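*Asks:* Quick one, fold the following:
(one chain, ligands or ions: 2)
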Amino acid sequence: MTIEYLKRGKSLEQRAEDDAKVRQVVETTLADIEARGDVAVRELAEKFDKDSRDSYRLSEDEIQTLIAAVAPSDIQDIKFAQAQVRRFAEAQRASMTDIEVETLPGVILGHKNIPVQSVGCYVPAGKFPMVASAHMSVLTASVAGVPRIAATTAPFKGQPNPAVIAAMHMAGAHEIYVLGGMQGVGALALGTETIEPVHMLVGPGNAFVAEAKRQLFGRVGIDLFAGPTETMVIADETVDAELCATDLLGQAEHGYNSPAVLLTNSRALAEETLAEIERLLQVLPTAETAGASWRDYGEVIVCDSYDEMLAVADDIASEHVQVMTDRDDWFLENMTCYGALFLGPRTNVANGDKVIGTNHTLPTNKAGRYTGGLWVGKFLKTHSYQRVTTDAAAAEIGAYCSRLCLLEGFVGHAEQANVRVRRYGGINVPYGEAAPHTNSQE
Ligand SMILES: NC(=O)c1ccc[n+]([C@@H]2O[C@H](COP(=O)([O-])OP(=O)(O)OC[C@H]3O[C@@H](n4cnc5c(N)ncnc54)[C@H](O)[C@@H]3O)[C@@H](O)[C@H]2O)c1
Ligand SMILES: [Zn+2]
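*Replies:* Residues are numbered from 1 along each chain as shown. Ligands and ions are numbered 1, 2, ... in the order given. This is a model prediction of the structure:
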């Protein structure tokens, strides 16, 4: 295997050091929110966002005033995007069915999908007001039937962004807050004097938001680890450097710490892409962030074969993987670790981010090894139930249960079974002893 790095990003050690700093800050801050509630939340909003409004929860009047400030054509565009997200989410919801089966005569087992009863949806707005994140979390929760949806967003340049608030409202948010970062997710998960805690937190955010959700997990549910955006372009000579460079910088612009990786089997394409990125960084208005991300986290990896590209891609498990090769479907068939795939040169990550209908809240930091992105199923809890409908089934399953409990030494458990073997099977099992084998059992 020959894998050549034409460009490398920060080392794993440096990345771990950055993570450790964030972990420490988040730990202290969440403890403060827990101890001092609204007072701590207000201090954090003032410190990080210079925002000292009277109430961080928007009133119905404030919401309507903000919506009125959005141009009608922008409202139309938001509606279009939400229609696409809803269509796909509804189809996914339909794929999740409740089941009930008779696994043995008289033994009925089932499961039902119940919506999480209250969720907090974080919509990022530090560097960019991420209108689309409102569709991804709030609207998807609505499709799942979540009865209480609290949405929160950071102020953008000191004020709630009208389009973000409109999108939250149109998507079905029941409560809207203007609280960013750790204070946003912390207040919703831990609760304060004025905010009822939610059962689950969802949505993407910067490193502080993602780490806060991780630390709050257990206290509340979370959707997944969705931190700073990552992108990977897998390309061969069927495409050119302009497409590759544009797709790498397009996602590197999210912040100063967004990894963008080109994986290719063409040295020529790799070199041309490197040059094209330098050229584009001269003209891209967001070159400040995109350039910082590219400098610190950009990578160009040249492989010998498609098999090698596949292995490297699975190992990196990037959040977004744009595949532009002569065998895109082969990657779809064989890739196992990633957030979402974007197949062929006609689509791209921005489509997924903003409009096409798949969810843009996706796993980062290799979380694609154990989860996919946010989707309607994340808002549904699958709960089992059981019922035994005949005396014969109660006695028969009870006899197995009695013996299996005592195999582990659980006498009290065994009696739960025995009392039923006696009552429904008419078999005399002495107290604390195992039920006998019968011929009907196999
Ligand atoms: N994984 C995904 O699915 C996905 C999707 C979209 C966006 N994203 C990521 O979301 C992130 C959005 O980040 P953002 O910063 O623009 O917005 P954000 O809303 O996540 O964070 C803004 C908040 O960060 C806090 N903050 C600012 N400086 C701080 C500091 N020094 N210490 C602690 N907290 C501080 C402030 O409270 C502010 O309100 C980007 O990294 C982007 O890549 C991820
Ligand atoms: Zn993006």
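*Asks:* Please count neighbours and contacts with C-alpha atoms only from this point.
*Replies:* Fine.
*Asks:* Is the longest helix along the chain in proximity to ligand 1?
*Replies:* Identified as the longest helix of the chain according to DSSP state H is helix 12-49. Yes. Helix 12-49 lies within reach of ligand 1 by Cα under 6 Å from any ligand atom, at 48-49.
*Asks:* Please name every helix or strand in contact with that helix.
*Replies:* Judged by 3 or more Cα pairs under 8 Å, 6 or more residues apart in numbering; DSSP states H and E, the packing partners of helix 12-49 are helix 181-190, helix 207-216.
*Asks:* All the strands of this protein, residue numbers only.
*Replies:* Counting by DSSP state E, one finds strands in the chain at the ranges 4-7, 99-104, 107-115, 118-123, 148-153, 175-177, 200-202, 221-222, 231-235, 260-264, 298-302, 320-324, 340-343, 380-388.
*Asks:* Let me have those strands in CSV, extended by mean pLDDT and distance to residue 52.
*Replies:* Supplementary listing: the strands of the chain in CSV, determined by pLDDT from 0 to 100; distance: least, Cα to Cα, whole Å:
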stretch, mean pLDDT, distance to residue 52
strand 4-7, 92, 44
strand 99-104, 98, 50
strand 107-115, 98, 35
strand 118-123, 98, 19
strand 148-153, 98, 15
strand 175-177, 98, 13
strand 200-202, 98, 24
strand 221-222, 98, 28
strand 231-235, 98, 36
strand 260-264, 98, 37
strand 298-302, 98, 38
strand 320-324, 98, 37
strand 340-343, 98, 39
strand 380-388, 98, 36
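*Asks:* So the spatially closest residue to residue 166 that is not a sequence neighbour versus residue 293, what's the distance?
*Replies:* Nearest-residue entry for residue 166: residue 67, 5.1 Å, with adjacent residues in sequence omitted and distances by Cα to Cα, 6 or more residues apart in numbering. Distance check for residue 67 against residue 293: by Cα to Cα, to the nearest Å, it reads 34 Å.
*Asks:* now do residue 239
*Replies:* Counting by Cα to Cα, the gap from residue 239 to residue 293 is 23 Å.
*Asks:* Look at these two and report which has more neighbours.
*Replies:* Set residue 239 next to residue 293 and count neighbours by other Cα atoms under 10 Å: residue 293 wins out with 24 against 15.
*Asks:* Give me the distance between the more buried one and ligand 1.
*Replies:* 10 Å (Cα to the nearest ligand atom, to the nearest Å).
*Asks:* Now do the contacts for that residue.
*Replies:* Contact analysis of residue 293 by Cα atoms under 8 Å, 6 or more residues apart in numbering lists 252-253, 255-260.
*Asks:* One more: residue 290?
*Replies:* Residue 290 touches 249-256, 281, counting by Cα under 8 Å, 6+ apart.
*Asks:* repeat that with 6 Å
*Replies:* Residues in contact with residue 290 (Cα atoms under 6 Å, 6 or more residues apart in numbering) are 249, 252-253.
*Asks:* do the same with residue 189
*Replies:* 197-198.
*Asks:* Kindly report the same for residue 286.
*Replies:* Residue 286 touches nothing, counting by Cα under 6 Å, 6+ apart.
*Asks:* Surely the residue nearest to residue 166 is in contact with residue 164?
*Replies:* No. Residue 67 lies out of contact with residue 164 (Cα atoms under 6 Å); the separation is 9.1 Å.
*Asks:* on that earlier part again, now mean pLDDT and distance to ligand 1 too, for the helices and strands packed on helix 12-49, in a markdown table please.
*Replies:* Shown next, in a markdown table, are those (pLDDT from 0 to 100; distance: least, Cα to the nearest ligand atom, whole Å):
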| stretch | mean pLDDT | distance to ligand 1 |
| --- | --- | --- |
| helix 181-190 | 98 | 4 |
| helix 207-216 | 97 | 6 |
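*Asks:* residues near whatever residue of the stretch 251-400 of the chain ends up closest to ligand 1, how many?
*Replies:* Residue of the stretch 251-400 of the chain nearest ligand 1, by Cα to the nearest ligand atom: residue 361 (3.2 Å). Summarising burial for residue 361: neighbours were counted as other Cα under 10 Å, giving 29.
*Asks:* Next, it: phi, psi?
*Replies:* phi -80, psi 110 (degrees, to the nearest 10).
*Asks:* what sits against it?
*Replies:* So residue 361 contacts 204, 373-374 (Cα under 6 Å, 6+ apart).
*Asks:* again, only this time at 8 Å
*Replies:* 133, 136-137, 203-204, 226, 373-374.
*Asks:* re the thing from before, among the contacts of residue 293, which ones lie close to ligand 1?
*Replies:* Within the contacts of residue 293, those near ligand 1 by Cα under 6 Å from any ligand atom are residue 255.
*Asks:* Take the contacts of residue 293 and write them to a markdown table, including distance to residue 271.
*Replies:* Below are those laid out as a markdown table (distance: Cα to Cα, whole Å):
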| residue | distance to residue 271 |
| --- | --- |
| 252 | 19 |
| 253 | 21 |
| 255 | 25 |
| 256 | 23 |
| 257 | 23 |
| 258 | 21 |
| 259 | 18 |
| 260 | 15 |
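*Asks:* Please identify, among the contacts of residue 293, the one with the most neighbours.
*Replies:* Most crowded among the contacts of residue 293, counting by other Cα under 10 Å, is residue 260 at 32 neighbours.
*Asks:* doesn't residue 296 make contact with it?
*Replies:* No. Using Cα atoms under 8 Å, residue 260 is not in contact with residue 296, being 9.8 Å away.
*Asks:* circling back to that earlier point, neighbour count for residue 67 and residue 164, which is higher?
*Replies:* Between residue 67 and residue 164, residue 164 has the larger neighbour count (other Cα under 10 Å), namely 27 against 21.
*Asks:* per-residue pLDDT, that one?
*Replies:* In this model, residue 164 is scored at 98, pLDDT.
*Asks:* and the closest residue to it other than its chain neighbours, how many neighbours does it have?
*Replies:* Among residues not flanking residue 164 along the chain, residue 131 sits closest, at 4.5 Å (Cα to Cα, 6+ apart). Neighbours of residue 131 under the rule other Cα under 10 Å: 22.
*Asks:* can you pull the contacts of residue 131?
*Replies:* 123, 163-164, 167.
*Asks:* Using a markdown table, lay out those residues together with distance to ligand 1.
*Replies:* Formatted as a markdown table, the contacts of residue 131 follow (distance: Cα to the nearest ligand atom, whole Å):
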| residue | distance to ligand 1 |
| --- | --- |
| 123 | 6 |
| 163 | 15 |
| 164 | 12 |
| 167 | 15 |
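*Asks:* Now list the buried members of these.
*Replies:* Using 16 or more other Cα atoms under 10 Å as the burial test, the contacts of residue 131 include 123, 163-164, 167 as buried.
*Asks:* Now render the residues you listed as CSV, adding distance to residue 8.
*Replies:* Below are the buried ones among the contacts of residue 131 laid out as CSV (distance: Cα to Cα, whole Å):
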residue, distance to residue 8
123, 31
163, 38
164, 36
167, 38
